[in-house]
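[1] Provide a 3D model corresponding to the input given below.
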Amino acid sequence: MHKTIAEAFSLDAQPLEERDVEDRRKDVTSRPPTLGRRAAPRRRVLLSALVVDLGSDTVVSCRIENVSDSGARIRLAEPRYLPPTFWLIAVTSGLAYNATAIWREDERLGVEVGPSVDLADPNSKSERQLHNIWKARRR
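    Residues are numbered from 1 along each chain as shown. Okay, here's the model as predicted:
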């Protein structure tokens, strides 16, 4: 069964729309979201993940800042060049998502993701490579 990225990263996360208005006023760095271009509401999370480009053997740590059913906003641990598409691994859940960068601002990226791949049961060569990266980093 495929899990959306929102399910993998935010089992108990509170939707941003439901945050108290006073909390929004206190937190000037976080503005209330608008669905505008989004098909689903965002959920605020602060969890670790990995950005992986199998073509160049690049693995970069990142933090997931918010998620929706079809995408996420991530912050790289360090500024790095990334290709337009890459894998995003949810270290805790062992799920990987083929991600496409939609926008970028310094270390922050907005990504759209495809269906999840369960790294506990790899079925292809690329899934086995992702499994080995996930296994080495989850400790």
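[2] from here on, contacts and neighbour counts on C-alpha atoms
    Fine.
[3] Give the next helix or strand downstream of the helix or strand of the chain with the lowest mean pLDDT.
    Every helix and strand in the chain was compared by mean pLDDT, DSSP states H and E; the lowest is helix 21-26, with a mean of 42. Once the chain leaves helix 21-26, the next helix or strand it forms, by DSSP states H and E, is strand 43-53.
[4] so what strands line up beside the next helix-or-strand element following that following strand?
    Counting by DSSP H and E, the element after strand 43-53 in chain order, helix or strand, is strand 58-67. For strand 58-67, the paired strands and their directions (DSSP bridges) read strand 43-53 (antiparallel), strand 71-76 (antiparallel).
[5] Listing request: residues of the protein with sub-threshold pLDDT.
    Across the chain, residues meeting the criterion (pLDDT under 70) sit at 1-2, 8-39, 139.
[6] re earlier: out of the strands paired with strand 58-67, deepest packed?
    Of all the strands paired with strand 58-67, strand 71-76 has the most neighbours on average by mean count of other CA atoms under 10 Å, namely a mean of 23.
[7] same for whichever helix or strand comes after that strand, what does it pack against?
    Sequence-wise, the next helix or strand downstream of strand 71-76 (DSSP H and E) is strand 85-90. Where contact means 3 or more CA pairs under 8 Å, 6 or more residues apart in numbering; DSSP states H and E, strand 85-90 is packed against strand 43-53, strand 95-105.
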